[in-house]
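Asker: coordinates only, no sequence provided:
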């Protein structure tokens, strides 16, 4: 059965929320639909889930290609509906499968409905071609592929041919 | 050499044309073995699809061959590889680099556009200073509508240029221009 990626993403988020104990119930049809949704060997206790991953997929015709993968060591629901994730590791991919962007942070808040991850802590990000970005506080919009940094931005862009082009 | 530079500058100032500096050596030098560009700012916005980054607030760029500071910096990255295609610096732009003698060149302006592109046959490595640009060198201060530093060709050009010559203490015009006939 084919499912719309947005539906898959929504179901993935729901599944995560179910695992963290919010008590949402998936219908029989929904649980059969998202074959791509994977929660990697999670262990849940007292409203928390550990060692989880939430994939998102491209729109057709690349619906089998992973668009992003959000992983964490622990997720805990917050009163405002967001999920507090510890040891965040996000990877985004291009349609050809190449890594586009990787974000690592000790913690972040994930808004499943808006598909936004944000954090006030220090973080490190790296693009697929080696650009390293460090800073303090970020907001990643999963759908729009935008990444905003609030403070103390430090970017390192490798220039491998700079020495070769020396006059 | 000073006489030559003065002559070129006077000609350019008089014609309002373009100054080309055919220095036998290189104009710019590498400060060290670093092969990375560092950008520091207060905040930043990245568009991962468009491959653009906008840095805001006390922006500082440290490159092996040039240093730059400004308030707003827009960087367009190459489609493949980590290289940037161009950088647009705006508001209180200050750039510094070294000439072929290791002497500091300092440029200021309201805006600067840096274009970088390397092919198998040439290197396009150009910095354009505009919005009241001023270029300070050991030989003097250049002003113009647009001052262009071409690092690939090792030339400096200025449109509608004006130059103020700086003379070392104790020297006179005669010592720079040559003996009086």
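Answerer: All right, it came through fine. Bear in mind that the values here come from a model prediction, so they are computed numbers and not experimental data. Numbers count the residues shown, from 1 in each chain, chains lettered A, B, ... in the order given.
Asker: does residue A:159 really touch residue B:64, like I thought?
Answerer: Yes - applying Cβ atoms under 8 Å as the test, residue A:159 and residue B:64 come out as touching, 7.3 Å apart. Glycine gets a C-beta too; all of them are placed from N, C-alpha and C.
Asker: now the common contact residues for those two.
Answerer: Residues touching both residue A:159 and residue B:64 (Cβ atoms under 8 Å, 6 or more residues apart in numbering or on different chains) are B:35, B:36, B:37.
Asker: in what helix or strand does residue A:120 lie?
Answerer: Here residue A:120 sits within strand A:116-127, counting by DSSP states H and E.
Asker: now look at whichever helix or strand comes after that strand and say if it contacts chain B.
Answerer: Downstream of strand A:116-127, the first helix or strand assigned by DSSP H and E is strand A:132-141. Yes - judged by Cβ under 8 Å from any Cβ of the partner chain, strand A:132-141 and chain B are in contact via A:133, A:135.
Asker: just to revisit the earlier point, I'd like to check the angle between the strand holding residue A:120 and strand A:132-141, please.
Answerer: 150 degrees (axes from the mean of the first three to the mean of the last three Cα atoms, to 10 degrees).
Asker: show me the contacts for residue A:97.
Answerer: A:65, A:66.
Asker: that one belongs to a strand, doesn't it?
Answerer: No - applying DSSP: H, G, I helix; E, B strand; the rest coil, one finds residue A:97 to be coil, outside a strand.
Asker: can you give me phi and psi for it?
Answerer: phi 100, psi -10 (degrees, to the nearest 10).
Asker: that one and chain B: what is the separation?
Answerer: 15 Å (Cβ to the nearest Cβ, to the nearest Å).
Asker: report the helix or strand with the lowest average pLDDT across chain A.
Answerer: helix A:28-32 (a mean of 32; mean pLDDT, DSSP states H and E).
Asker: may I have the beta-bridge partners of residue B:136?
Answerer: Note on residue B:136: beta-bridge partners by DSSP bridges are residue B:106, residue B:141.
Asker: burial check on it, number of neighbours?
Answerer: Counted with other Cβ atoms under 10 Å in any protein chain shown, the neighbours of residue B:136 add up to 16.
Asker: for it, give me the pLDDT.
Answerer: Looking at residue B:136, its pLDDT is 89.
Asker: residues touching it, list them.
Answerer: B:105, B:106, B:107, B:142.
Asker: 10 Å instead?
Answerer: Taking Cβ atoms under 10 Å, 6 or more residues apart in numbering or on different chains, we find residue B:136 in contact with B:96, B:104, B:105, B:106, B:107, B:108, B:142, B:164, B:166.
Asker: give the buried subset of those as a PyMOL selection command.
Answerer: This is the PyMOL syntax for the buried subset of those, where burial follows 16 or more other Cβ atoms under 10 Å in any protein chain shown:
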select buried, chain B and resi 105+107+108+142
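Asker: what's the farthest-apart pair in the contacts of residue B:136?
Answerer: Across the contacts of residue B:136, the longest distance by Cβ to Cβ is 18.9 Å; it joins B:96 and B:164.
Asker: tell me the bridge partners for residue A:103.
Answerer: Following DSSP bridges, residue A:103 is listed with bridge partners residue A:90, residue A:125.
Asker: tell me how far it lies from chain B.
Answerer: To chain B, residue A:103 is 11 Å away according to Cβ to the nearest Cβ.
Asker: that residue against residue A:117, yeah?
Answerer: Yes - contact criterion Cβ atoms under 10 Å: residue A:103 and residue A:117 qualify, at 7.6 Å.
Asker: list residues touching both of these two?
Answerer: In contact with both residue A:103 and residue A:117: A:70, A:88, A:90, A:138, A:140, A:147, using Cβ under 10 Å, 6+ apart.
Asker: rewinding a little: would TSV of the contacts of residue B:136 with pLDDT be doable?
Answerer: Output for the contacts of residue B:136, formatted as TSV (pLDDT from 0 to 100):
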residue	pLDDT
B:96	92
B:104	86
B:105	87
B:106	93
B:107	94
B:108	96
B:142	88
B:164	78
B:166	67
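Asker: between the contacts of residue B:136, which is nearest residue B:87?
Answerer: When the contacts of residue B:136 are compared for distance to residue B:87 (Cβ to Cβ), residue B:107 wins out at 14.1 Å.
Asker: I'd assumed residue B:131 was in contact with that closest one.
Answerer: No - applying Cβ under 10 Å as the test, residue B:107 and residue B:131 come out as separate, 11.7 Å apart.
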